[in-house]
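Engineer: The following block contains a protein sequence and its predicted model.
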Protein chains: 4
Amino acid sequence: MTEANVIRVTVWNEYMDEQKKATASVYPDGLHKTIAVFLNQDKAISAGVSVITDAEQGLSDQILDNTDVLIWWGHIHHGDIRDDLVKRVTDRVQRGMGAIFLHSGHKSKPFMALMGTTGYLGWREADEKSRVWTAAPAHPIAEGLPSQFLLEREEMYTEPFGIPEPETTVFISWFEGGNVFRSGVTFQREYGRIFYFQPGHETYPAYHDPNVQRVITNAVKWAKPLVRVNSRDCPNLEALEKIGS
Amino acid sequence: MTEANVIRVTVWNEYMDEQKKATASVYPDGLHKTIAVFLNQDKAISAGVSVITDAEQGLSDQILDNTDVLIWWGHIHHGDIRDDLVKRVTDRVQRGMGAIFLHSGHKSKPFMALMGTTGYLGWREADEKSRVWTAAPAHPIAEGLPSQFLLEREEMYTEPFGIPEPETTVFISWFEGGNVFRSGVTFQREYGRIFYFQPGHETYPAYHDPNVQRVITNAVKWAKPLVRVNSRDCPNLEALEKIGS
Amino acid sequence: MTEANVIRVTVWNEYMDEQKKATASVYPDGLHKTIAVFLNQDKAISAGVSVITDAEQGLSDQILDNTDVLIWWGHIHHGDIRDDLVKRVTDRVQRGMGAIFLHSGHKSKPFMALMGTTGYLGWREADEKSRVWTAAPAHPIAEGLPSQFLLEREEMYTEPFGIPEPETTVFISWFEGGNVFRSGVTFQREYGRIFYFQPGHETYPAYHDPNVQRVITNAVKWAKPLVRVNSRDCPNLEALEKIGS
Amino acid sequence: MTEANVIRVTVWNEYMDEQKKATASVYPDGLHKTIAVFLNQDKAISAGVSVITDAEQGLSDQILDNTDVLIWWGHIHHGDIRDDLVKRVTDRVQRGMGAIFLHSGHKSKPFMALMGTTGYLGWREADEKSRVWTAAPAHPIAEGLPSQFLLEREEMYTEPFGIPEPETTVFISWFEGGNVFRSGVTFQREYGRIFYFQPGHETYPAYHDPNVQRVITNAVKWAKPLVRVNSRDCPNLEALEKIGS
């Protein structure tokens, strides 16, 4: 793995005081750092972090220009993200940057903007069991995963989920309280690959789970840009064949 | 509703002695007749039945030529269906006939032939509860259905389900024993629309359930042919524009 | 057809002075009126018009609340549409309103917002011939259309087209100068159906063409809402099954 | 590239006397050998060949067990392929083997069996020009390809093409005589990836074209199995959660 081939990941997290407090016992340094740490155990990946209190809300051109795959965790502060920065993110995805939206990211501005949908779902915080089933075992994001794995406690998200029909439904979750949810789904938006993954309520230890870590690591490799392009301006083209013959 | 517009349905069932015996208390006349009866309550539909012991295994040209939507229930006798009749069915679907495969029909020869897959899944008979969730509430097959409905006892079918990525995942089922399954999925094969629906183990009363009846009735209307074509031979065509100018 | 079942269409057009001037010989009253007129020949449809110079840019709540399917033609003034009105349109689509984007509408704000893409394409104005091929002859939008039809002059739009993989590619166009384009494509965004259709450069008579009229009429019927919903707020739900047993 | 990672390709060709005669000036050793030769220029690939006159029609278990990606060229002898061997091929694909069907392979038994469709299309042999457009420039199969490339002479294939809606429409071809065709399309059937590519009439030099070679080489890498599985028998599974609580 040469340095040039390493996948550069930025894990973005809103990480304001109320999250620091709520997650202190589970993610002492913030869940973004937990994610970056396990990603960095893979030699093919180099992961850094940024947070909403950084300059330009952690979404500067410099950061995005050096990011192959952006991982997004946000919740209470979705509405605080500046619209010009949302546009900066979606523009990067359309031109090739991969994007992984975690958990409550279904209601983040960039996810909704890329989907064209509201990310509607039903939810419940009840310390309930969830089982994540692999619906597409041949998909690269499912590589090495068992047919299902258990999360002892997870926030419930339920169908109907307000997203476009996914390119691939990789995972579907079972919840103890009687619900189901398409918990791992892929999309393509021009040059950029997008993965949404449901587990990861901030007060539960999902990001310490080896299977969850495997999913996110696989997703980073899958979402790596194959090519990045510059302008998306529409070109005026000359004819290739004679017109009016 | 003029007679010409009525949707002609044939409900096909293998209905051999062992099924008659197993289902006697739940479906005294066979589940195919139960299905035909509730379909015929809708003035837009005219449903008849055929079974494996009929002439040409209930799949004569006369029957298929007068069928707009074929409903299929088979299980123990999948392997007994003659290959030429399987071909006759798939050919009709490719030329416009709708097809609805119920429950164990995921392993029927025509379903596998139309999917190009094996219909792989895991299963369990344990008198367990199932909840059928609507994942695509705007799909015509979900019209009038609640966000979920309960079946007190159903055979469990589980992911991963060996089908192509569906056109639309309309329903996803939750099972008490910890499993999930894409229980209502649509496909298109040339001119024919196809719906697979999981509920309907022969010893459980699923086909007496109003929500299940609603799903199948909706599916018949959705699968009605828009157009039917004859030959699928590849035509040799003249040029529309001058070549070699 | 009772009044309650009539599909209410609003044909929106930017229709500013430069368009009036450019289209005067082809569409004396504006292309929006030409479209409304042919739609109104179908008893199942009741079509009105609105333009950018109307109150609230022709996109008032009153108009949208009484619109089942919105048809959009815009070009030079894409950037002038107020962002709150764009949001109002996309919100209506997500809750059930159908939307048909014509020609240069690939770069309109509502289309890009619903797609999550830029609508990138190459183009050429060269009075060239175009042939619109039916790729999905069993789709309701293709009903009654021939395998292909000719437009004597059309603006060329070419692949690669910056859209998500369509739900169905209904039409693909051939251009005399050597290009191809997915000219009729469908999408679903939650409760709303969306159709993009390429023909319709403002100085060419495409909307006088019977085949083009047939496509748009079919599309209106296809995009008619099956159901419209209100809030897309995410509900907090109680458990259906006992947790922690 | 260790030997274990090399992608093992088998290029299958019917290659009977009439093909030998027709292609002698363009492909003196048969088009299968031309394809194998250019594939073997890539160190990641090890390509061999088999033909219909080999033992078991070139489709022995030994060959298929040692094939990661099967490339198929057939035409006049489609009907001669033994049904048990067709089943052997489709079974391998469903369990992970990649498959690339070239040109007239749209009517081969394995392709039709994997698609569930007839492969219907219109055609013309008129020495006409074709331009292959990249519709999905971010797809791995399009890597390094230009926005379009010219084939001076190709057999015309035209829409409507009787296939399921593709996973991705990678290429769309323009034909001089006025036609268009989805000429490069992908599908997934359980564990196996499938690519269909239109160029390659046996008397034209398409397989000597660097762009065509690039497409097929890319497709081999894309279709490489991520995992291969054994039985597709449906397992009877125990409950993960207590039933009847």
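Structural biologist: Now that the structure is in, tell me what you want to look at. Note that the structure is a prediction, hence the values are computed from the model and not measured.
Engineer: Take stretch A:130-145, keep the C-alpha atoms, and write them as PDB.
Structural biologist: The C-alpha coordinates for stretch A:130-145 follow below in PDB (Å, rounded to 0.1, in the frame of the first residue of the first chain):
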ATOM      1  CA  SER A 130     -31.500  -5.300  17.300                       C
ATOM      2  CA  ARG A 131     -30.300  -7.900  14.800                       C
ATOM      3  CA  VAL A 132     -28.600  -6.700  11.700                       C
ATOM      4  CA  TRP A 133     -29.300  -9.100   8.800                       C
ATOM      5  CA  THR A 134     -27.200  -9.300   5.600                       C
ATOM      6  CA  ALA A 135     -29.600  -9.100   2.700                       C
ATOM      7  CA  ALA A 136     -26.900  -8.800   0.000                       C
ATOM      8  CA  PRO A 137     -24.100 -11.200   1.100                       C
ATOM      9  CA  ALA A 138     -22.200 -10.700  -2.200                       C
ATOM     10  CA  HIS A 139     -21.900  -6.900  -1.800                       C
ATOM     11  CA  PRO A 140     -18.400  -5.600  -0.900                       C
ATOM     12  CA  ILE A 141     -19.800  -3.900   2.200                       C
ATOM     13  CA  ALA A 142     -21.000  -7.300   3.500                       C
ATOM     14  CA  GLU A 143     -17.600  -9.000   3.000                       C
ATOM     15  CA  GLY A 144     -16.700 -11.100   6.000                       C
ATOM     16  CA  LEU A 145     -19.900 -10.400   7.800                       C
END
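Engineer: Could you check that stretch against chain D for contacts?
Structural biologist: Yes: interface with chain D: stretch A:130-145 contributes A:131, A:137, A:138, A:139, A:140, A:143 (C-beta under 8 Å from any C-beta of the partner chain). To be clear about C-beta, it is placed using only N, CA and C from the backbone, and glycine gets the same treatment.
Engineer: Show me where chain A has its helices.
Structural biologist: Counting by DSSP state H, the segments of chain A that form helices are A:17-23, A:31-40, A:61-65, A:83-94, A:109-115, A:210-223.
Engineer: Mind checking the ones you listed for the one nearest to chain C?
Structural biologist: helix A:109-115 (4.1 Å; C-beta to the nearest C-beta).
Engineer: other SSEs contacting the closest one?
Structural biologist: Here helix A:109-115 touches helix A:83-94, strand A:98-102, strand A:180-189, strand A:192-197, going by 3 or more C-beta pairs under 8 Å, 6 or more residues apart in numbering or on different chains; DSSP states H and E.
Engineer: Taking their axis directions, the longest strand seen in chain A and helix A:210-223 sit at what angle?
Structural biologist: Taking DSSP state E as the criterion, chain A has its longest strand at strand A:122-134. Inter-element angle recorded for strand A:122-134 and helix A:210-223: 80 degrees (by axes from the mean of the first three to the mean of the last three C-alpha atoms, to 10 degrees).
Engineer: about what we covered before: give me whichever of the helices of chain A is most buried.
Structural biologist: Neighbour counts (mean count of other C-beta atoms under 10 Å in any protein chain shown) averaged over each of those peak at helix A:109-115, with a mean of 24.
Engineer: Give me the contacts around it.
Structural biologist: Identification of contacts with helix A:109-115 by C-beta atoms under 8 Å, 6 or more residues apart in numbering or on different chains yields A:72, A:78-79, A:81, A:83, A:86-87, A:89-90, A:93, A:99, A:101, A:105, A:118-119, A:163-164, A:187, A:189, A:194, A:196, C:113, C:116, C:189.
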